[in-house]
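**Q** 3D model of this:
(chains A and B)
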Amino acid sequence: MTLIPRTLIDGYLDETLSPDEHAALARWLKAAPENAQEFARAVLLHDRLRGELLAQAAAESETASRLSRGSWPRRLRPLVALAGVLLAMAALVLVLLRGLAETPVSAAVVELNRLIVSSTRPTDRTYQITVEDRTLSQARGPGSEPFDWGRPPKPPLDGAVLHVRGKNQFVLVRMTKEGLPFVTGSNGKTSWAARPDGPVRVSPDLTRFNRDVPGHEHAMPLSNIKEALERLRTAYEVQLLPVETAEGDVRSEERSTRLLVAVKKRGYRGPRRVEITYDVASGRIQQMRFIKMPYGPDRLTLRLDLNEERDLGAAFFDHASHHAADRTVELEE
Amino acid sequence: MGKREGKESIVDGQTRQAMKLWTLAQPVVSAFVTSVVRDFTARDDVLQEVAIAVIESFDRYDPARPFVGWALGIARNQVGLYLRRLERDCLVFDNALITCLASTFEAVPAEGTRSLDLLSECLGRLDARARELCDLRYVHDLKPIAIAGRVGMTANSVAKALQRIRDQLRECIEQKSALQGGAP
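**A** Residues are numbered from 1 along each chain as shown, chains lettered A, B, ... in the order given. Now for the predicted structure:
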């Protein structure tokens, strides 16, 4: 047999096996009752996965549908619809009377679009991460690190530095209790982890080492600012707060900043609220705060402060730039 | 006669008992069908036929014997009917192996299926990428090669990622099950 049984089973379930591999699986299943039992356990999980995910998808769809049509009793729906039409007409008249003025929400969406465009400027960005608050789940004690599928505890996020480039290149530098750097990253072709000790691990799977970067769980990865901002457009209500100028500064537009606040819509997952402070003139984001952001079983309130924007060099996002040349490198499949 | 009374008269006590037993046996029977009929749409059709046959022939069920084994026998027949409609070169497992698998599923302990109730919690801990792959595979019924085109990965990487996700979920279920004092 060329493949280990586990791979054969998974390949069978995903229909990726060749005829020879099918035959090898059949031989393995007939070889011992324990093999068939292992196979049955894998199929039970596979089968249940589908049922569970379909049920969740149906529930989310139902929630969205209910939100869109409201939760009024059936007999009241015509009245509600009529009231909606009247309100819409009144709103239209109001808008016409006000000279087609922009609503605050649409202005906020326009600004958000500007920030998204600004975030695609081809430069590297470095952020300082500060964990302002962390709500521990009841099942875990204080001091324990975020859930990571049974792996050893990871260094804290508070005080970490995050470098990002484009949509899938990042370097996250955290410090261990001993003051040694624990670095994970991706150069867009491979992802990698350089612990203070042991081999450097490299994988062609770009998702392999990104779970340490908050936000990846709910399509708001901090390693991809553009994607995170685009998520705000779909899953959040955004609004703009008034322009704030530097104290005593009368040249309001040059040094002014503005706060865009995004509050999560019902039925979506992710941080409850996101606050973005940006430079009015350039659209450059100076700070992002994520309130109650899911991170494993925890909820973090964390802040990213922009340290600098500059080209970090061609090789910065390669693992070799972050460890000694004599370190052992292990390539994972 | 009100609507409610009308509905109650349609479902008699025997059918209600059959449905109750079927609900308990369904996870194992469903997994057995999936073990042979991997295409989810075809599997749903076969499982529906099994459910109808179970309800319709419930008067032939001997309560002295385990219901799961009886329902698996019906599923075995329905799977056989399905396979007969397929081209010969589509068959992966022979009859002897399918019978062997039916026996194996019949012997799955109840706690083996009960522990899968923890799957929902474990799914909540998947990262966004893993969740996306799961949705594409299980909600949209896509194979790794189709998923690869959508997420910018190779088919091989998708297959390996799916394998890793299932491993993670299995570990999570085992850990949670052990914490609750049950067998994984």
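**Q** count of residues packed around residue 110?
**A** Let's take chain A. 12 (other C-beta atoms under 10 Å in any protein chain shown). In this view, the C-beta of every residue, glycine as well, is placed from N, C-alpha and C.
**Q** wrong chain, I was asking about chain B
**A** When neighbours are defined as other C-beta under 10 Å, residue B:110 has 12 of them.
**Q** quick one: contacts for the residue of the stretch 51-200 of chain A at minimum distance from chain B?
**A** Chain B sits closest to residue A:53 of the stretch 51-200 of chain A, with a gap of 4.3 Å, by C-beta to the nearest C-beta. The contact partners of residue A:53, by C-beta atoms under 8 Å, 6 or more residues apart in numbering or on different chains, come to B:123, B:134, B:135, B:138, B:139.
**Q** can you do 6 Å?
**A** For residue A:53, the contact set (C-beta atoms under 6 Å, 6 or more residues apart in numbering or on different chains) comprises B:134, B:138, B:139.
**Q** which SS class is the first one?
**A** If I follow you right, that is residue B:134. Of the three states, residue B:134 takes helix according to DSSP: H, G, I helix; E, B strand; the rest coil.
**Q** low-confidence stretches in chain B?
**A** Residue ranges of chain B with pLDDT under 70: B:1-11, B:87-91, B:181-184.
**Q** and it, which of its residues are near chain A?
**A** On the criterion C-beta under 6 Å from any C-beta of the partner chain, chain A has as its neighbours in chain B the residues B:30-31, B:34-35, B:38, B:92-93, B:97, B:104-105, B:108, B:116, B:119-120, B:127-129, B:134, B:138-139, B:143-144, B:157, B:159, B:163, B:168.
**Q** tell me the domain ranges of the chain?
**A** Chain wasn't specified; assuming chain A. Chain A breaks down by automatic domain parsing into domains covering A:5-66, A:72-101, A:116-331.
**Q** I was thinking of chain B, sorry if that wasn't clear
**A** In terms of domains, chain B is parsed into B:1-108, B:109-184 (source: automatic domain parsing).
**Q** just those domains: most buried one?
**A** domain B:109-184 (a mean of 17; mean count of other C-beta atoms under 10 Å in any protein chain shown).
**Q** quick one: what helix or strand has the residue of the stretch 51-200 of chain A closest to chain B in it?
**A** helix A:33-69 (DSSP states H and E).
**Q** and that helix, how far from the chain's centre?
**A** Distance, stretch centre to chain centre, for helix A:33-69: 23 Å (C-alpha atoms, centre = their mean, to the nearest Å).
**Q** tell me the confidence at residue A:95?
**A** On the pLDDT scale, residue A:95 is placed at 42.
**Q** could you do the one 4 residues further on as well?
**A** For residue A:99, the model assigns a pLDDT of 39.
**Q** now the helices for the chain?
**A** Chain wasn't specified; assuming chain A. Here chain A has its helices, by DSSP state H, at A:5-13, A:19-31, A:33-69, A:77-97, A:104-119, A:225-235, A:252-255.
**Q** oops, wrong one, chain B.
**A** Using DSSP H, helices in chain B cover B:3-10, B:13-36, B:40-56, B:67-85, B:95-106, B:110-114, B:119-123, B:128-134, B:144-151, B:155-179.
**Q** number of residues surrounding the residue in the stretch 201-333 of chain A positioned nearest to chain B?
**A** Relative to chain B, the nearest point of the stretch 201-333 of chain A is residue A:207 (4.1 Å; C-beta to the nearest C-beta). Here the number of neighbours of residue A:207 (other C-beta under 10 Å) works out to 24.
**Q** what sits against residue A:132?
**A** Counted by C-beta under 6 Å, 6+ apart, residue A:132 has contacts A:301, A:303.
**Q** hmm, 10 Å instead?
**A** A:158, A:289, A:290, A:291, A:300, A:301, A:302, A:303 (C-beta atoms under 10 Å, 6 or more residues apart in numbering or on different chains).
**Q** can you narrow those down to the ones near chain B?
**A** Among the contacts of residue A:132, proximity to chain B is found for none (C-beta under 10 Å from any C-beta of the partner chain).
**Q** least confident pick among the residues you listed?
**A** The lowest pLDDT within those belongs to residue A:300, which sits at 81.
**Q** that one contacts residue A:133, correct?
**A** Yes - using C-beta atoms under 10 Å as the test, residue A:300 is close enough to residue A:133 to be in contact (7.1 Å).
**Q** now do the shared contacts for these two.
**A** Common neighbours of residue A:300 and residue A:133 (criterion: C-beta under 10 Å, 6+ apart): A:291, A:292.
**Q** in contact with residue A:125, which residues?
**A** Listed by C-beta under 10 Å, 6+ apart, the contact set of residue A:125 reads A:119, A:162-165, A:170, A:225, A:284-285, A:304, A:306-310, A:312.
**Q** what ranges in the stretch 201-333 of chain A fall below the confidence cut-off?
**A** A:216-219, A:242-255, A:267, A:296-297.
**Q** can you give me the strands in it?
**A** Under the criterion DSSP state E, counting those that start in this stretch, the stretch 201-333 of chain A contains strands at A:236-240, A:257-264, A:273-279, A:285-295, A:298-309, A:329-331.
**Q** centre of the chain versus the fourth one, how much separation?
**A** Think strand A:285-295. 11 Å.
**Q** just the CA coordinates for that strand, please, in CSV.
**A** C-alpha atoms of strand A:285-295 as CSV (Å, rounded to 0.1, in the frame of the first residue of the first chain):
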residue,chain,number,x,y,z
ILE,A,285,-5.7,54.2,8.7
GLN,A,286,-3.9,55.1,11.9
GLN,A,287,-5.6,52.9,14.3
MET,A,288,-8.1,50.0,14.4
ARG,A,289,-9.9,48.8,17.4
PHE,A,290,-11.7,45.5,17.4
ILE,A,291,-14.2,45.1,20.3
LYS,A,292,-15.1,41.6,21.5
MET,A,293,-13.3,39.9,18.6
PRO,A,294,-13.7,36.1,18.7
TYR,A,295,-10.3,34.4,19.1
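**Q** from the contact counts, what lies against that strand?
**A** Here strand A:285-295 touches helix A:104-119, strand A:125-135, helix A:225-235, strand A:257-264, strand A:273-279, strand A:298-309, going by 3 or more C-beta pairs under 10 Å, 6 or more residues apart in numbering or on different chains; DSSP states H and E.
**Q** cool, and the shortest one?
**A** Contact here means 3+ C-beta pairs under 10 Å, 6+ apart; on that basis strand A:329-331 packs against strand A:191-194, strand A:200-203.
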